[in-house]
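> give me coordinates for this.
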Amino acid sequence: NTEECGWDGGDCIDFNTMYPDCHGGGDCASFNATFPGCRVKFPALIADGGCEGGVYNTEECGWDGGDCVIEGYPNCHVNIPSWIGNGECDEGEYNTEECGWDGGDCTEFNALYPKCSVDSPSSVGNGVCNGGDYNTELCGWDGGDCIAINGKYPDCVVGSPSRIGDGECNGGAYNFEECGWDGGDCIEF
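Sure thing, here's the model as predicted:
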């Protein structure tokens, strides 16, 4: 980041304009005064208009210089702010009171399944019977998607119940009597 090197081929021009004391061996006084305690590999990414997430999205770095601040949710700090209020319920740090239950995306899910904790809440009730934590009473038997399969094969425990009877012999745990020999897909083998 020196004049002789063309300010790193031009990559540092915007940063040098924002923080004129922080190039060519300077002491970064302006940057350090604005973001004391912010230690990142690429300071130019702070306040560049895009939320970088990770170590940039911290209090010390001003929530990426404001790039990661979500309008209406000042205490919501997530790595991908665009997921808030995007129409899809995201779990974890997004589905919290601070983030407005994912900007309202999880309000209906939380009302229907208040104790359902899965990686992808939007997969509950999407027309595909998912196994594991989705196919539980707490998650409404995957939002109703697994009711028919569970009724037909109540003792069948597989990772993807929707693969039962899909026209392809999946073998393994699917090819047992409890699963109807993969819903009939494995009978001819």
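
> CA atoms for contacts and neighbours, from now on please.
OK.

> leaving out chain neighbours, which residue sits closest to Pro114?
Among residues not flanking Pro114 along the chain, Leu138 sits closest, at 7.9 Å (C-alpha to C-alpha, 6 or more residues apart in numbering).

> measure that neighbour to Gly127 for me?
Counting by C-alpha to C-alpha, to the nearest Å, the separation of Leu138 from Gly127 is 17 Å.

> run a quick neighbour tally on Cys156.
Around Cys156 there are 20 other residues, counting by other C-alpha atoms under 10 Å.

> that one and Asn175 touch, don't they?
No: applying C-alpha atoms under 8 Å, one finds Cys156 not in contact with Asn175, separated by 10.0 Å.

> intersection of neighbour lists for those two?
The contact sets of Cys156 and Asn175 do not overlap (C-alpha atoms under 8 Å, 6 or more residues apart in numbering).

> before we move on, back to that, wait, what's in contact with the residue nearest to Pro114?
Counting by C-alpha under 8 Å, 6+ apart, Leu138 touches Tyr113, Pro114, Lys115, Cys116.

> okay if I get these as TSV plus distance to Val55 and pLDDT?
TSV is the format used below for those (distance: C-alpha to C-alpha, whole Å; pLDDT from 0 to 100):
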residue	distance to Val55	pLDDT
Tyr113	33	97
Pro114	32	96
Lys115	31	95
Cys116	30	96
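
> could you dump the residues you listed into a markdown table with distance to Gly151 added?
Shown next, in a markdown table, are the contacts of Leu138 (distance: C-alpha to C-alpha, whole Å):
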| residue | distance to Gly151 |
| --- | --- |
| Tyr113 | 21 |
| Pro114 | 24 |
| Lys115 | 23 |
| Cys116 | 21 |
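
> from the residues you listed, pick the one nearest Glu71.
Distance to Glu71 across the contacts of Leu138 (C-alpha to C-alpha) is lowest for Pro114, with 26.1 Å.
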